[in-house]
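[1] Just to be clear, the model below is a prediction. Sequence and coordinates:
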Amino acid sequence: MLDAHVQVQIGELPIDVALTATDGETVAVLGPNGAGKTTLLRTLAGLVALDGGRIALDDTVLDDPARGVYVVPERRSVGVMFQEYLIFPHLSVLENVAFPLRSRGVGRAEARRRSSAWLARVGLADRERAKPADLSGGQRQRVALARALVAEPAMLLLDEPLAALDVGTRTELRRDLRAHLASFAGVRVLVTHDLLDAVALADRLVVLEGGRVAQEGPVAEVTARPRSRYVAELVGTNLLRGDAHDHTVTLASGGTVVTADAADGDVYVAIPPHAVSLHRQRPEGSARNVWRGTVQGADLLGDRVRIHVHGEVSLVAEVTAAAVADLGLHDGVEVWSTVKATELTTYPA
Amino acid sequence: MKRSVLWVATMAIIATVAAVFVPATAGAAKNKATKLSGTITVSAAASLTEAFTKMGSDFQKANPDTTVSFNFAASSALVQQIQGGAPADVFASADGANMQKLVSGGQVTAEPTVFAANALTIVVKPGNPKKIKSLADLANVGTISLCADTVPCGKYAQQALTTAGVTIPAEKITKGADVKSTLAAVTTGDADAAIVYTTDAKAGGSTVQAVKIPAWLNVYAIYPIAPIAASQNAALADAWVKYTVSPAGQKTLQSYGFLAPPLQ
Amino acid sequence: MTRRRGRGAPLVAVFLAFVAVVFFTLPLIGLLGKVEWGSLWANLTSQQAKDAIRLSVECSLWATAISLVFGVPLAYVLARVPFPGKAFVRALVVLPMVLPPVVGGVALLLAFGRTNGLVGPWIYDVFGWQFTFSKSGVVLAETFVAMPFLVITVEAGLRTMDRRYEDAASTLGAGRWTVFRRITVPLIAPSLFAGAALAWARALGEFGATITFAGNIQGRTQTIPLGVYLFLESDQPLAIALSLLLLAVSITVLVLLRDRWFGNVRSA
């Protein structure tokens, strides 16, 4: 059980984050570069000392500046899987995995035995004597994981565990990693900027922006109801904010949105791009939300196209490539966007 | 007889002109024969450092158009340099053997002149902490500094020790490349004693104390000097050689502790 | 061998480089030309040569070892531990590299000389050690001039190595000494070897400080360079034979160094 309140400042950004996690739970810390995710991880690992706050793991206080407590990294029961893995290049695979055990005084034979067992678990039994330079990215990731877990730590920290891999390997390893994490009994904190990793591997999401928590909660909830532009963009949904009165939300930009659910006060409105329809002329129909705009940019995603529309309500709409051709949706073209009130979600800000 | 004013005036003018021009022309004639100019390099044994430097400055004062540069080192090293083609104009050695090498080699064709002599002495640290009184005592203290075997003062020191029947164990002897660095081992370093020239002891002043070597055991070093045949300024080279045996030069040498040269 | 088209070689640079190469090679050729090959073996096995060689080897190895024992921690502190006045300390460490060796020798005398030194007399009284005119003095002089090379090289290696490996090792449970021993040292191995080799080469060739501080005693302080200096007048073939030996050893070490430790290392 991790109970942490991290207050630290490295460089220009002061970080103030409260983070808890229970055994068996995976918490993903998500955020843009420079949000402080890596620094947060380093304080949990003990590589950086806190300025204020407190970190406690199970019954042990790891860092408490007010009481003058600071446990050095080598004494913490924490396993870390680093970005780029940092497998020691001059040691063999087996020696790498055995390193945490040997460093803690475990005898050579015993260390070998346990390391071999772990390597077998991650499917690298036949590569014990190999040198890291001879391994593929995916194999190195598995070595890093085995090495982080072999000493049976109370907490596992993962820093962008899949970032160093190419897309194909990533999918496969994401699955493997999920399986291995599931069998680890301790607390897991995962740092990533990839939403796919977070969704696939984590139970809870903590979104970090500018050194502070912008949003946190179960994965499904955060992705369904983003509360920041960053998450919205990550999730790929349109996020608007305005003042709600009953079924109408007045946006800061001036436009209005009609919602199916009644609400009052400061709200977010999330509109999935696939729910936005585009027309060359003002349409008639049941859609209560009709806005005028101009096409400014398009992204091709296979057979789908994401069209950026600017207007009183700026949105991203997802349409088929065929539709783009049919309607002649290129830059500068005037379009009308419509969204059914039932297709959007409103929630308090 | 009353001379006319005109006659007196003419005589005065002639006398004045004569007084001005005759000595001038006579002087010019003399200067043409003896006006020295140019630069020479004198390669001299290290023990001559202080004396020659003073003589050089005196010489240059007397002959303002000249420059005398010095190259002081062990005589044996200088011989090697000269035989290797180093451009020296004069060579002053601390022993005859080294001069002979140049004579045999043809670098010196004129007959060398002996201009000074020297003797050896033991030097110790001020206060003589090891109570050294004779050559025999040198075998029983710590480290002794001697000149290297091929350097004149080294040969002389070995001669003196052999004459006195003293053998100093090899591991106690530190060898210096020239007499000045041999001396430095006692003044700056930790050597208990050194055998150097009496002139070096004098030059060392209060940084050393001399322990006399009795005359019957001592070695008489003679210093020959000669111009180098290949010199570019033979006149000036000869002038320097003559200066060393001149009364002025001898006076300076002896003021630094050198002994008068033996009769030729 | 096919010739690629395109720009030619930069002629001016090549010419100047050629001049530099000639500058370095001519003295070596001159030396080789003067060697008396017939009596080479006899010269090198003479008592004076054997004494000088034995002393040179012993003392330079000792100097290198001492440089490693004290120099590596110094490099570590300079590279990793923040403290005030670091620039001054670093300048101090580099000083022997800049100081004329004879001046270094005089400085050592004034510090460790038994009669005039700052601490020399005290050391003699308390421990009975005398450095001047002894082998230990040779080692001291050689260490004085050689250690800076090792410190500078190792410090550079420590600064450029990827420190994240040390972080990783910490998190994996390794204490500071274990991290240093098992991770840092192997990763800076190239600069360690290079620094040690440079220090050793410098110690081997040391002359000015040695002759001034330790004196010139055959069998005790007369290393090869001192011997060469002295024999140059009395026994030139011996001097040249020893010079050739030193040359051959240096070239061998440098050639070995290039291949093994500068080229072939797997980095992070």
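    Noted; the coordinates are in hand. The shown structure was predicted, so the numbers you read here are calculated from the model rather than taken from an experiment.
[2] what packs against the helix or strand of chain C with the lowest mean pLDDT?
    In chain C, no helix or strand scores lower on mean pLDDT, DSSP states H and E than helix C:236-257, which sits at a mean of 85. The helices and strands touching helix C:236-257, judged by 3 or more Cβ pairs under 8 Å, 6 or more residues apart in numbering or on different chains; DSSP states H and E, are helix C:11-34, helix C:40-44, helix C:47-80, helix C:189-205, helix C:224-234. Placement of C-beta: from N, CA and C, glycine included.
[3] That one vs helix C:189-205, what angle?
    Interaxial angle, helix C:236-257 versus helix C:189-205 (axes from the mean of the first three to the mean of the last three Cα atoms, to 10 degrees): 180 degrees.
[4] got the buried residues for helix C:236-257?
    C:237-246, C:249, C:257 (16 or more other Cβ atoms under 10 Å in any protein chain shown).
[5] try stretch A:335-349
    A:335-341, A:343-346.
[6] Dump that stretch to PDB, restricted to CA.
    Taking C-alpha atoms only, stretch A:335-349 is exported to PDB below (Å, rounded to 0.1, in the frame of the first residue of the first chain):
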ATOM      1  CA  VAL A 335     -19.600  23.400 -43.600                       C
ATOM      2  CA  TRP A 336     -22.400  22.900 -41.100                       C
ATOM      3  CA  SER A 337     -21.700  20.500 -38.200                       C
ATOM      4  CA  THR A 338     -24.500  18.800 -36.400                       C
ATOM      5  CA  VAL A 339     -24.500  16.700 -33.300                       C
ATOM      6  CA  LYS A 340     -27.500  14.900 -31.700                       C
ATOM      7  CA  ALA A 341     -28.000  16.000 -28.100                       C
ATOM      8  CA  THR A 342     -28.100  12.400 -27.100                       C
ATOM      9  CA  GLU A 343     -24.700  11.700 -28.500                       C
ATOM     10  CA  LEU A 344     -22.900  14.100 -26.200                       C
ATOM     11  CA  THR A 345     -22.000  13.800 -22.500                       C
ATOM     12  CA  THR A 346     -22.300  16.600 -20.000                       C
ATOM     13  CA  TYR A 347     -20.700  16.600 -16.500                       C
ATOM     14  CA  PRO A 348     -19.800  19.100 -13.900                       C
ATOM     15  CA  ALA A 349     -16.400  20.800 -14.200                       C
END
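[7] average pLDDT across that stretch?
    On average, the pLDDT along stretch A:335-349 is 88.
[8] Same question for stretch A:271-288.
    In this model, stretch A:271-288 carries a mean pLDDT of 85.
[9] Next, the distance between the ends of that stretch.
    One end of stretch A:271-288 sits 14 Å from the other (Cα to Cα, to the nearest Å).
[10] ok but residue C:162 is inside a strand, no?
    No: read with DSSP: H, G, I helix; E, B strand; the rest coil, residue C:162 is coil and lies in no strand.
[11] separation between it and chain A?
    Distance, residue C:162 to chain A, by Cβ to the nearest Cβ, to the nearest Å: 8 Å.
[12] So that residue versus residue C:236, what's the distance?
    Note on residue C:162: its distance to residue C:236, by Cβ to Cβ, to the nearest Å, is 53 Å.
[13] Over to residue A:291?
    Residue A:291 sits 102 Å away from residue C:236 when distances are taken as Cβ to Cβ.
[14] Okay, buried residues for stretch C:100-110 please.
    Of all the residues in stretch C:100-110, those buried under the rule 16+ other Cβ under 10 Å are C:101-102, C:104-109.
[15] Can I get that stretch as CSV, trimmed to CA atoms?
    Extracted as CSV, the C-alpha positions of stretch C:100-110 are listed here (Å, rounded to 0.1, in the frame of the first residue of the first chain):
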residue,chain,number,x,y,z
PRO,C,100,58.8,22.2,-15.5
PRO,C,101,59.8,18.8,-14.0
VAL,C,102,63.0,20.2,-12.5
VAL,C,103,60.9,22.8,-10.7
GLY,C,104,58.7,20.0,-9.5
GLY,C,105,61.9,18.3,-8.2
VAL,C,106,62.9,21.4,-6.3
ALA,C,107,59.4,21.7,-4.9
LEU,C,108,59.5,18.1,-3.7
LEU,C,109,62.9,18.8,-2.0
LEU,C,110,61.4,21.8,-0.2
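[16] Give me the mean pLDDT for that stretch.
    The average pLDDT for stretch C:100-110 rounds to 92.
[17] What lies in contact with it?
    Residues from elsewhere that reach stretch C:100-110 (Cβ atoms under 8 Å, 6 or more residues apart in numbering or on different chains): B:188-190, C:96, C:99, C:116-118, C:131-132, C:137, C:140-141, C:144-145, C:206-213.
[18] residue closest to the middle of chain B?
    residue B:48 (3.6 Å; Cα atoms, centre = their mean).
[19] If the residue lying closest to that residue once chain neighbours are set aside is in a bridge, with which residues?
    Once flanking residues are discounted, residue B:48 sits nearest to residue B:92: 5.9 Å by Cβ to Cβ, 6 or more residues apart in numbering or on different chains. Beta-bridge partners for residue B:92, by DSSP bridges, are residue B:44, residue B:225.
[20] re earlier: kindly state the pLDDT recorded for the residue nearest to the centre of chain B?
    Residue B:48 is assigned a pLDDT of 94 by the prediction.
[21] One more: the one 10 residues further on?
    Confidence per residue is given as pLDDT, and for residue B:58 that number is 94.
[22] I'd guessed it sits against residue B:251; true?
    No: contact criterion Cβ atoms under 8 Å: residue B:58 and residue B:251 do not qualify, at 9.9 Å.
[23] who has more neighbours, these two?
    Ranked by neighbour count (other Cβ atoms under 10 Å in any protein chain shown), residue B:58 and residue B:251 place residue B:58 first, with 16 against 11.
[24] returning to what we had before: what angle do the least confident helix or strand of chain C and helix C:11-34 make?
    Using the same axes, to 10 degrees: helix C:236-257 against helix C:11-34 is 140 degrees.
[25] what sits up against helix C:236-257?
    Identification of contacts with helix C:236-257 by Cβ under 8 Å, 6+ apart yields C:28, C:31-32, C:34-36, C:39-40, C:43-44, C:46, C:48-49, C:52-53, C:193-194, C:197, C:200-201, C:204-205, C:224-225, C:227-229, C:231-232.
[26] sorry, back to before: could you look up the SS state of the residue nearest to the centre of chain B?
    Residue B:48 is classified as helix under three-state DSSP.
[27] Next up, the contacts around it.
    B:72, B:92, B:94, B:116, B:223.
[28] Closest to chain A out of the residues you listed?
    In terms of Cβ to the nearest Cβ, no member of the contacts of residue B:48 lies closer to chain A than residue B:72, at 58.0 Å.
[29] ok so the closest one is a helix residue?
    No: using three-state DSSP, the assignment for residue B:72 is strand, not a helix.
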